[in-house]
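[1] here is my input; please provide its structure:
(one chain, ligands or ions: 1)
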Amino acid sequence: MAPRHPENLLEVLLKQCYLQPRCAAGQRRPLHVSRYTTQAAHEYHKPDSFAVLGGGISGLASAFYLSKKHPDKKITLYEQSSRVGGWVQSKKVDVGDGSIVFEEGPRTLRCTMPNGMVALDLIRQLGLENEILRTKKDAIAARNRFIYYPDHLVRVPGPGSSFFSILSAVIREPVFRESFTSILREPFKTVPSAAGEDESVGSFLERYTSTVLVNNLVSPLLHGIYAGDVWKLSVNSIFPMLPFLERTHGGLLPGALDLLFSSEKPALERDTDLIQHLLQEQPTLRGQLLEMKDTSVFTLKGGLGSLVTRLEEVLQQNKNVVIRKDAQIEALELNRTMDTIQLTTNLKDEPKPNHAFAISTLPAQTLAKLAPELDSLNDVHSVTVMIVSLFFNNPNVLPANGFGYLIPQSIPLEQNPERALGVVFDSDAAPGVDTAKGTKVTVMLGGHWWDDFSSYPDEEEGMRMARTVLARHLGIVDEPIANNVRLLKNCLPQYTVGHQARLGRTHRDLQTSFRGRLRVAGNSYGGVGINDCIRSAYDVAMLPTEGSYFDTYTGLNNLGPNPQWVKFKMVKRQVQVNTVTK
Ligand SMILES: C=Cc1c2[nH]c(c1C)Cc1[nH]c(c(CCC(=O)O)c1C)Cc1[nH]c(c(C)c1CCC(=O)O)Cc1[nH]c(c(C)c1C=C)C2
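    I've put the predicted structure just below:
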């Protein structure tokens with residue numbers, strides 16, 4: 001399956017860029033007029049102070065980038081709770097012979113291009129590069145990934161697997177056998193020519209394969225990223241390369257073959273722009289990326305919570321940045337006379353702050369409540385996940401080692417009454433975080449399975465469910481010596497069919513109703529991972545805050561339907577970005 005971002009291709013680009021001191025600039029649009037460096041034609045508005053709404057990773061990163069780009073401006077970050085960091089939180093627990101870190105949200109970062117590049121650069125700017133703990137590409141967690149089907153762990157063959165091991169897996173394992181024979185049962189299926197309409201990932205891939213294959217092999221992947229339903233998530237938003245190849249080649253197969261063998265490779269223009277920009281701005285990033293080339297995923301000493309803790313520290317050291325915790329935004333509107341963003345808050349000393357412009361990193365539906373003009377955002381709903389982590393003092397409690405496993409949608413609920421999505425083998429996936437000897441695992445429950453639920457299990461019930469899953473699936477009946485349960489209510493936005501059209505409408509609504517004074521960033525729009533959030537913060541904060549184009553920037557400029565594609569061509573080890581393909 002094609003990755004969401006053409007990582008391999010971009011890795012090639014980067015490697016070439018490392019080798020060449022100067023990356024060939026795109027012919028289509030010279031770098032000096034890229035969206036990151038566009039200069040105002042004339043100044044007509046002098047921003048005074050800026051607001052950032054929401055203190056999760058996107059809000060903190062937005063405030064950080066704004067403070068770098070506008071060192072003389074006052075920036076106020078408003079966070080409704082008493083702590084910043086949002087879903088990113090690490091809890092250290094001492095157990096007898098050492099300590100363990102429970103991640104209450106995301107647990108690792110990946111060096112994918114280009115968003116991972118921005119995250120890595122942020123880590124460097126925060127002075128955290130020596131805190132990085134890597135899981136190498138040849139580590140057991142990177143090599144062993146499992147699906148649970150129908151009643152046992154099945155190893156998914158990876159890129160290095162031999163033809164015979166794949167063949168033997170297909171013959172032996174029902175999950176593969178049923179998937180592939182189901183395609184053979186539907187050999188004369190007609191694949192309608194692409195109408196350009198968005199559809200679900202499931203329905204797109206079903207046209208080329210089968211319902212059984214989608215349920216068995218694709219749904220678990222989307223459980224692990226979005227905790228979402230493969231039949232509802234949008235193919236245009238999640239795997240944009242697939243419909244692009246279908247559209248431009250009249251089918252997925254010719255498109256995939258072309259991708260494999262052609263010297264010109266497609267990529268989203270917004271991504272190639274960013275790569276070129278970052279490599280020019282931060283020359284040392286090349287070396288850092290090279291150092292990470294053997295890394296599958298990484299975390300930080302103390303867990304990913306160290307990232308938000310450090311961001312908060314750095315912001316607090318900046319006298320121009322104010323972090324207001326326990327600050328509830330009650331209303332948000334454009335003050336048409338002053339051309340500013342007028343907030344109404346619960347703050348006694350600052351009930352009606354006025355800002356030259358604001359970046360909202362609030363969840364889409366929360367923003368839609370504050371700004372009814374942005375009603376398309378009401379449809380970006382989120383799912384709830386319960387994260388149950390358990391630590392056993394037996395270092396060999398797992399029947400197999402690896403990243404962990406995901407549970408496909410094809411497992412009927414009678415066989416998955418706990419509605420588990422998957423289990424992460426944390427001790428393998430992120431080794432080196434804990435000093436205590438033992439095994440740490442995390443059971444993820446809920447997601448789209450809980451869509452219609454009006455209430456969720458409490459901590460005790462969650463723990464009972466997780467232990468039942470571990471006993472049934474892995475035979476683990478040991479008593480954990482430490483545990484942690486966290487309910488993440490509405491933590492993962494769902495990019496369902498029509499997501500990009502919604503973003504297109506929101507972009508226009510932001511322009512007409514807020515004239516560029518309100519921009520958006522965060523996980524509701526262009527990606528749900530930490531890398532995506534940091535990239536969205538970078539994008540939105542780097543846009544000009546004054547000038548003739550100011551009114552048109554919303555943070556969604558390049559995220560709507562019909563994104564711009566470019567083609568790379570390698571010429572004498574340099575990269576040319578020169579062909580635009582619609
Ligand atoms: C709250 C739980 C989350 C689930 N998915 C995400 C979160 C925060 C976001 C996410 N997870 C992954 C990606 C892809 C990019 C990547 O870093 O590889 C994204 C955007 C992959 C992933 N899924 C799981 C792990 C350990 C990873 C690696 C990165 C990470 O730590 O997030 C496990 C996992 N995540 C979720 C489930 C249900 C699950 C099950 C085993 C939901």
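
[2] show the backbone phi and psi for the residue of the chain most remote from its centre.
    The centre of the chain is farthest from one residue, T337, which by C-alpha atoms, centre = their mean lies 38.1 Å away. Phi and psi for T337, reported as degrees, to the nearest 10, are phi -70, psi -50.

[3] any idea how far P174 is from it?
    68 Å (C-beta to C-beta, to the nearest Å). Quick note: C-beta positions are derived from backbone N, CA and C, even for glycine.

[4] average pLDDT across stretch 100-120?
    If you average the pLDDT over stretch 100-120, you get 95.

[5] now V397: closest residue in space that isn't a chain neighbour?
    Of all residues not flanking V397 in the chain, T439 sits nearest, at 4.6 Å (C-beta to C-beta, 6 or more residues apart in numbering).

[6] does that neighbour really touch F391, like I thought?
    Yes. With contact defined as C-beta atoms under 8 Å, T439 reaches F391; the gap is 7.2 Å.

[7] which parts of the helix or strand that contains F176 are buried?
    Using DSSP states H and E, F176 sits within helix 174-184. By neighbour count on 16 or more other C-beta atoms under 10 Å, the buried set for helix 174-184 is V175, F176, E178, S179, F180, S182.

[8] can you pull the pLDDT of the last one?
    Read it as S182. 85.

[9] thinking it is in contact with L213, fair?
    Yes. S182 is within contact range of L213, at 6.0 Å (criterion: C-beta under 8 Å).

[10] hey, what's in contact with both of the two?
    Taking C-beta atoms under 8 Å, 6 or more residues apart in numbering as the contact criterion, no residue touches both S182 and L213.

[11] quick check: phi and psi at the residue nearest to V397.
    Torsion angles, degrees, to the nearest 10, at T439: phi -130, psi 130.

[12] what sits against the residue lying closest to L153 once chain neighbours are set aside?
    Excluding the flanking residues, the one nearest L153 by C-beta to C-beta, 6+ apart is F146, at 4.3 Å. Contacts for F146 (C-beta under 8 Å, 6+ apart) come out as L153, V154, R155, V156, A400, G402, F403, G404, Y405, L406.

[13] thinking again about what came up before, so which of the buried residues of helix 174-184 is the closest to the ligand?
    Checking the buried residues of helix 174-184 against the ligand with C-beta to the nearest ligand atom, the nearest one is V175 at 16.4 Å.

[14] the closest one and S182: what is the separation?
    11 Å.

[15] up against the ligand, what does the stretch 151-300 of the chain have?
    H223, G224, I225, A227, V297 (C-beta under 6 Å from any ligand atom).

[16] for the first one, pull up the helix or strand it's in.
    Spelled out, that is H223. Going by DSSP H and E, H223 is part of helix 219-226.

[17] next structured bit after that helix?
    helix 235-238.

[18] in contact with T299, which residues?
    T299 neighbours (C-beta under 8 Å, 6+ apart): R107, T108, L109, I132, L133, A430, V433.

[19] what sits against the last one?
    By that I understand V433. I100, V101, L133, T299, K301, G302, G303, D426.

[20] narrow those residues to those in helices?
    The members of the contacts of V433 that map onto helices under DSSP state H are D426.

[21] confidence-wise, which helix or strand of this structure is lowest on average?
    helix 7-19 (a mean of 37; mean pLDDT, DSSP states H and E).

[22] quick one: buried residues of the helix or strand just after that helix?
    Next helix or strand after helix 7-19 toward the C-terminus (DSSP H and E): strand 49-53. Neighbour counts over strand 49-53 (16+ other C-beta under 10 Å) mark S49, F50, A51, V52, L53 as buried.

[23] returning to what we had before: which ChimeraX command selects the buried ones in the residues of the stretch 151-300 of the chain next to the ligand?
    Selection command for ChimeraX covering only the buried members of these, criterion 16+ other C-beta under 10 Å:
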select :223,224,227,297
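
[24] need the residues of the stretch 151-300 of the chain next to the ligand in TSV with pLDDT and distance to H448, can you?
    Output for these, formatted as TSV (pLDDT from 0 to 100; distance: C-beta to C-beta, whole Å):
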residue	pLDDT	distance to H448
H223	98	8
G224	98	13
I225	98	12
A227	98	6
V297	96	24
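
[25] among the residues of the stretch 151-300 of the chain next to the ligand, which one lies nearest to C491?
    Nearest to C491 among these is A227, at 8.3 Å by C-beta to C-beta.

[26] wait, what's in contact with that closest one?
    V383, V385, L421, M444, G446, G447, H448, L492.

[27] near the ligand, which residues of the chain are found?
    The chain comes close to the ligand at residues 105-108, 110, 223-225, 227, 297, 385, 404, 406, 421-424, 429, 444, 447, 488, 491, 528-529, as judged by C-beta under 6 Å from any ligand atom.

[28] report the two of the buried residues of strand 49-53 separated the most.
    So, the buried residues of strand 49-53 by C-beta to C-beta: farthest apart are S49 and L53, at 13.5 Å.

[29] and the residue of the stretch 351-500 of the chain found nearest the ligand, bridged to which residues?
    The ligand sits closest to G422 of the stretch 351-500 of the chain, with a gap of 2.7 Å, by C-beta to the nearest ligand atom. Following DSSP bridges, G422 is listed with bridge partners L406, M444.

[30] count of neighbours near it?
    23 (other C-beta atoms under 10 Å).

[31] in stretch 438-452, what's buried?
    438-450.

[32] which parts of the stretch 201-350 of the chain are helices?
    Taking DSSP state H, counting those that start in this stretch as the criterion, the stretch 201-350 of the chain carries its helices at 201-208, 211-213, 219-226, 235-238, 241-249, 252-261, 269-281, 285-291, 305-317.
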